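Colleague: Sequence and computational prediction follow.
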Amino acid sequence: MDATLEATPRDSRGKNEARRLRRQGRIPAVLYGSSSATEKREAAAISVEPKALLKILHSEAGVNTLIGLKFGGEDARVLVKDYQVDPVSREILHADFYRVAMDRMLTVTVPIVLRGEAPGVKQQGGLIDFVHREVDIECLPGDIPEHIEVDISNLMLHQGVRLRDMAVDVKWKPVSEADTLLVHVIAPKAEEAPAAAEAAPAAAAEPEVIKKGKTEKAEEKE
């Protein structure tokens with residue numbers, strides 16, 4: 001998914017500047033990096049509209065959304081590097097972006113999405129064990145997938161899908177271990193019935209308490 005975001009430069013920093021920006025309906029942000037290996041740029045202090053940024057962050061691609069950041073006559077291709085959210089109001093407070101070169105590979109974390117219904121669950125009474133819900137991959141910025149879809153419609157009991165099974169005819173390569181287990185079908189755990197042996201000591205304990213009580217009464221009489 002691609003998105004666009006308008007940014008404006010800011011000259012000052014600090015808490016007062018941040019409060020002023022928020023009153024104006026914007027938040028402070030920083031743009032890092034350069035668009036090529038030979039180019040060097042200092043971090044740029046900018047501001048962006050929080051509602052527009054939240055819309056991007058709440059999309060399916062989330063932080064992996066490739067953003068066209070319009071800033072000072074430049075249309076930079078960026079990704080969200082980090083952001084801060086108020087723990088009470090849940091409003092976004094600050095964001096960091098970094099420029100990406102469209103011809104250079106980068107590493108991103110992508111969520112796993114399951115598709116289909118496993119016959120090992122429907123026919124054999126098994127349970128889906130979703131082991132890893134996201135993995136690290138390497139790809140070009142324009143090829144970042146919103147998610148990696150795993151088809152479980154052929155999984156029987158005790159069968160699973162590993163990351164190596166997914167890396168076929170795709171525009172990315174795994175950074176996480178290729179042997180990483182993503183999902184498998186497991187047998188349900190049998191409910192443990194209370195053992196008869198465990199009940200016996202409880203029954204045997206009662207006479208001891210009674211006996212102890214009688215002994216105490218006898219000692220009182222003495």
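Modeller: Great, that's in hand.

Colleague: how long is stretch 32-40 from one end to the other?
Modeller: Stretch 32-40 has an end-to-end distance of 10 Å (criterion: C-alpha to C-alpha, to the nearest Å).

Colleague: Quickly find the element holding residue 56.
Modeller: Per DSSP states H and E: residue 56 is located in helix 50-57.

Colleague: And the contacts of that helix?
Modeller: Residues lying outside helix 50-57 but in contact with it, judged by C-beta atoms under 8 Å, 6 or more residues apart in numbering, are 3, 5-6, 25-27, 62-63, 65, 67, 80, 83, 91-92, 95. Where you see a C-beta, it was placed from the backbone N, CA and C, and this is true even at glycine.

Colleague: quick one, strands of this structure?
Modeller: Remark: strands assigned in the chain by DSSP state E are 2-9, 27-32, 44-48, 66-71, 74-85, 92-99, 106-115, 127-130, 134-139, 148-151, 160-162, 172-174, 181-186.

Colleague: which of the residues in the fourth one are buried?
Modeller: Along strand 66-71, the positions that meet the burial threshold by neighbour count (16 or more other C-beta atoms under 10 Å) are 66, 67, 69, 71.

Colleague: repeat for the first one
Modeller: Along strand 2-9, the positions that meet the burial threshold by neighbour count (16+ other C-beta under 10 Å) are 5, 7.

Colleague: Same question for the last one.
Modeller: Across strand 181-186, burial judged by 16+ other C-beta under 10 Å covers 182, 183, 184, 185.

Colleague: Pairing partners for residue 110 in the sheet, please.
Modeller: residue 135 (DSSP bridges).

Colleague: try residue 32
Modeller: According to DSSP bridges, beta-bridge pairing links residue 32 with residue 98.
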